[in-house]
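**Q** Fold the following, please.
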Amino acid sequence: MLVAAAVCPSPPLLVPEVAAGAAPELDAARAACSDAIAVLAAARPERLVVVGPADRNGRGTHPQGARGSFRGFGVDLDVRLGPTPRSEPDEAAQRELPPSLAVAGWLLERTRWSTAPVEGLGVEEPLAVERCIQAGEDIGARADRLALLVMGDASACRTLKAPGYLDERAAGFDAEVGRALGAADIAALKALDAGLAAELKAAGRAPWQVLAGAADGAALAGELLYEDAPYGVGYVVAAWS
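**A** Next up is the predicted model:
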């Protein structure tokens, strides 16, 4: 059963080396992510599953110790997902982490995660709502004390300079996402419109609905730790326990 969850944004800009001169602008978001992961550690889970958006190459499971890189963003920086395992993952599992899980790996390294074994799940963004919820239910049934670290952004259409340009629907969508994540409102997360989320380039929609499936019946309370739209993209940090 799910005992805790942390929701964090997934932009590589969270990594100061990637953000470079703009790094201080996201200090508050980084601090909130650290606070959310501390809630996971305090729950003492038996397993941590990290869920994040991925393309076709990055979808599916990624074992503890899987490697990620920010070289594609011009930075010579490598990370692992969770603590280094005693033995390397087998060759079939040596796929590189998708960017969202690489950011999660960086966050876990930053907070020195050592509480429980870690595994990753890359969720392809177009995945249907029902399949996201089912995936979450399956994850939630796998461990007596499970924690989730859920990566993903809200809309990318909040300003004229945003990656998706300005869309007047984005602010309302993001407000509802922030409310639902802060209140641990499972029904509201399940009801998110996948079509609208895609139009608004909200990469967190599928991971959030995986969370909703995993949290069904867990009766967790939520707290909104951070909500803003730097660079025209909605970033939300929340903790459930």
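
**Q** Can you name the secondary structure element that comes next after the helix or strand of the chain with the lowest mean pLDDT?
**A** When each helix and strand of the chain is scored by mean pLDDT, DSSP states H and E, helix 16-19 comes last, with a mean of 93. Next in sequence after helix 16-19, counting helices and strands by DSSP states H and E, comes helix 27-42.

**Q** Show me what that following helix is packed up against.
**A** Judged by 3 or more Cβ pairs under 8 Å, 6 or more residues apart in numbering; DSSP states H and E, helix 27-42 is in contact with strand 2-8, helix 99-110, strand 146-151, strand 222-228, strand 235-240. Placement of C-beta: from N, CA and C, glycine included.

**Q** what angle do that helix and helix 99-110 make?
**A** 70 degrees (axes from the mean of the first three to the mean of the last three Cα atoms, to 10 degrees).

**Q** show me what contacts the closest residue to Gly140 other than its chain neighbours?
**A** Spatial nearest neighbour of Gly140, chain neighbours left out: Ala214 (3.9 Å); criterion: Cβ to Cβ, 6 or more residues apart in numbering. The contact partners of Ala214, taken as Cβ atoms under 8 Å, 6 or more residues apart in numbering, are Leu2, Ala5, Gly136, Glu137, Ile139, Gly140, Leu146, Leu148.

**Q** what do you get if the cut-off is 10 Å, keeping everything else the same?
**A** Going by Cβ atoms under 10 Å, 6 or more residues apart in numbering, Ala214 touches 1-2, 5, 49, 51, 133, 135-142, 146-148, 150, 186.
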